[in-house]
Each structure stands twice: as structure tokens, then as C-alpha cells.
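Peer 1: model this:
(one chain, ligands or ions: 1)
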Amino acid sequence: MHTYDISLTVSPALPVWPGDPPIEFTPLSQIAKGDDANVTHMSMCVHVGTHIDAPLHFLADGRAVHEIDLRLLMGRVFVLNLPDVDVITGDVLREAEIPPRTRRLLFKTRNSAWWAAGHTTFREDYVALSADAAEYLVGRGVKVVGVDYLSVAPFHDTVPTHRILLGAGIVVIEGLNLSAVSEGRYTLYCLPLKLLGTDGAPARAVLVGV
Ligand SMILES: [Zn+2]
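Peer 2: Numbering: from 1, shown residues only. Presented below is the predicted three-dimensional model:
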């Protein structure tokens, strides 16, 4: 049994969505300065690093993070490797060999190599899902969709893909690092912070080989 930590390391060096505040860790007390303990204050958007999007992110009356059924985020998952794709479209998915009855699906693309290389500057040319890919996944009964960059949708067209997926009750995981993982079946454990009423939350995500 092999365990893969597919989470990004959260630090001020991690790229954030353009316009979002930077990730900041500020010492409140420091042993090196004579204090009894090291204590850090952190400041960041809920959509940093590896995180989930709750339906509330794009739907005014959608469920918030604390209302998501954790059973969705734990269980059998399929990692699909699409190394040569610039946009994940419905046609790409129709041609891909996604096992029948797949309920959790993670997309490994060329984005993951950026994380492996220590990527620190936001890029707009990441691989993401088009609206018709989102419709295809809804039609297949997928319940969890994970991607290896900071948005499930293309940079210049973020609304339709999010609305289709979140509107169908699909939980979206963004900011995965799948560089060390091969295509295939695993067990997923993705546990978001239990934040009350928020539209997203940072998460630790792990795959266990079967
Ligand atoms: Zn997000």
C-alpha cells in the first residue's frame, strides 16, 4: 500500500488567484525573541493551494463548506492522465478511458509538472475543463472532480464550468499536485477545514494505492 500526499505546500511563495490577497504567515510570538512559544498568525483566501469549492462559491443559495457530506470526499477515485491536452473538452472525455460508474475523478495534466518544478508565479495558460466537459461529467453521474491547478475552469471563462458542476452538487477540488501519481484507481481522502458558511476551504488530500 502506497500513500501519496497530493496537496500543495501552503506558503507565501505559492501563487494565488490574480487579485486575491497574498498568503501571509506572521509571527505573533517567537522563542528566538524571548517569548515562551512560537505562534503564527495566517492570512489568506479560502481558495488557496489545495482546496475545495463548495456550491456556494458560484450559487447564491448553494451549500457551504460545513454542509458538504464528507463521504463524497473519501473513497474510490480514478486519476485520468491527460498529458497532451490544452483544454479538457467533452470530446476529450468521450475519447478517454474513464471506468464505468466512476464517481470521483481527478485530472492529471501538464499543470502538475509546474508544481513539481517549484512553480511560484500564477499562469493563465493552465489546463482546465470547458463547459461541455462539465456537462459530460454531470451526465455520467460524477460527484467529485479534482484538477491540478487553481481553477477547474479556463482563466478567461470561469463561470459556466463552475456553475454547471456546482449546480449539479459536484464537489470540486482544486490545486492538486498529481506529479508523482500515475493514471489508475486509488482511494481518496480529502478533508477540508470545517469553516462555517464559507464558499471554499483549504484541504489536505491523500491518495492511497490499491
Ligand atoms: Zn476554488
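Peer 1: okay, CA-based contacts and neighbour counts for the rest of this
Peer 2: Noted.
Peer 1: I'd like to check what contacts the strand or helix carrying Arg163. Which residues are they?
Peer 2: Using DSSP states H and E, Arg163 falls within helix 158-167. Contacts to helix 158-167, defined as C-alpha atoms under 8 Å, 6 or more residues apart in numbering, come from residues 54-55, 58-59, 62, 129-132, 134-135, 138, 151-153, 171-172.
Peer 1: what are the ranges of the strands in this structure?
Peer 2: Counting by DSSP state E, the chain has strands at residues 3-5, 24-29, 39-43, 51-53, 74-81, 104-108, 144-146, 171-174, 184-192, 200-209.
Peer 1: and the angle from the fifth one to strand 184-192?
Peer 2: Using axes from the mean of the first three to the mean of the last three C-alpha atoms, to 10 degrees, one finds that strand 74-81 and strand 184-192 are set 120 degrees apart in direction.
Peer 1: now the longest one
Peer 2: What separates the directions of strand 200-209 and strand 184-192 is an angle of 150 degrees, with the same axes, to 10 degrees.
Peer 1: strand 200-209: partners in the sheet, and parallel or antiparallel?
Peer 2: According to DSSP bridges, strand 200-209 has the following sheet partners: strand 3-5 (antiparallel), strand 51-53 (antiparallel), strand 184-192 (antiparallel).
Peer 1: residue contacts, the most centrally placed residue in the chain?
Peer 2: With distances taken as C-alpha atoms, centre = their mean, Glu174 lies nearest the centre of the chain, 1.5 Å away. For Glu174, the contacting residues are Gly49, Thr50, His51, Ile52, Asp53, Gly146, Val147, Asp148, Tyr149, Leu150, Ser151, Val152, by C-alpha under 8 Å, 6+ apart.
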